[in-house]
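Coordinates for the following, if possible.
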Amino acid sequence: MKEKTVFDKIYQKELDLKLKNLTQVNVAENTSLVDDKEELSNFNIKDASDKNLDALLNLLYNGRDFDKITIPSDFEKEALGEKVLRNRIKAEKIREELDELEGEILEEVKGSTFTLDISKSTHYKKASNDIFGGNKQRITYEDYLYLLDLKEKIIIHEAADILES
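I've put the predicted structure just below:
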């Protein structure tokens with residue numbers, strides 16, 4: 001007979017691990033679990049580290065009964081607003097890094113990339129003439145990037161049209 005795994009034992013309740021307090025928050029650095037709302041209001045959100053802000057939001061929202069959700073207090077709104085602001089700053093930094101990397105890659109592969117010969121395909125030639133104008137015989141990497149950008153714009157416009165109707 002095959003030996004039962006730990007997961008089987010837990011599922012079949014043969015192993016008692018006393019997993020009652022799984023929603024308890026591990027609070028970072030200088031924050032502590034606080035039940036008193038007055039102590040929470042003394043918490044300086046603007047100067048808090050990311051770990052402390054995450055711990056505070058976990059404290060405020062994890063373990064709450066979703067049937068009893070109330071309108072957030074001003075303190076909760078401030079904490080959430082600060083978290084959103086920090087996330088937007090991080091996202092902007094990531095976007096800038098990605099743009100830099102994309103530029104570096106484009107410069108690195110420029111001129112040494114594969115070109116698609118469309119001279120024997122009337123279908124590709126017609127499509128190429130519709131998009132680029134002229135009589136193209138090859139699709140270059142730069143043309144390919146332009147087509148990808150065009151595809152993205154088409155998808156965005158179609159999505160906007162669907163949302164409007």
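
Tell me the pLDDT of K37.
pLDDT recorded at K37 is 52.

Correction: the previous question concerned V34.
45.

what do you get for L56?
So L56 comes in at 80 (pLDDT).

swap in N30?
On pLDDT, N30 comes in at 40.

just S112 next, same as before
S112 carries a pLDDT score of 77 in this model.

now swap in E96 and tell me
Among the per-residue scores, E96 holds a pLDDT of 95.

And for K18?
The model's pLDDT for K18 equals 61.

Specify the next element, helix or strand, located C-terminal of the lowest-mean-pLDDT helix or strand in the chain.
Least confident helix or strand of the chain, by mean pLDDT, DSSP states H and E, is helix 37-41 with a mean of 59. Once the chain leaves helix 37-41, the next helix or strand it forms, by DSSP states H and E, is helix 50-61.

Now do that next one: which elements does it pack against?
On a contact count with 3 or more C-beta pairs under 8 Å, 6 or more residues apart in numbering; DSSP states H and E, helix 50-61 meets helix 74-109. For glycine as for every other residue, the C-beta is placed from the backbone atoms N, C-alpha and C.

who touches the following helix or strand past the helix it packs on?
Downstream of helix 74-109, the first helix or strand assigned by DSSP H and E is strand 116-117. Residues from elsewhere that reach strand 116-117 (C-beta atoms under 8 Å, 6 or more residues apart in numbering): Y124, Q137, R138, I139, Y144.

what about the first one, how many residues close to it?
Other residues lying near Y124 total 15 when counted by other C-beta atoms under 10 Å.

my guess is it meets I118, correct?
Yes - Y124 is in contact with I118 according to C-beta atoms under 8 Å; the separation is 3.9 Å.

Spit out the residues that contact those two alike.
I139.

what stretches of the chain score poorly on pLDDT?
Scanning the chain for pLDDT under 70 picks out the ranges 1, 15-42, 63-64.

Specify the residue ranges that define each domain of this structure.
Using automatic domain parsing, the domains assigned to the chain come out as 19-109, 114-165.

For burial, what's the neighbour tally of R95?
The tally of other residues near R95 (other C-beta under 10 Å) stands at 10.
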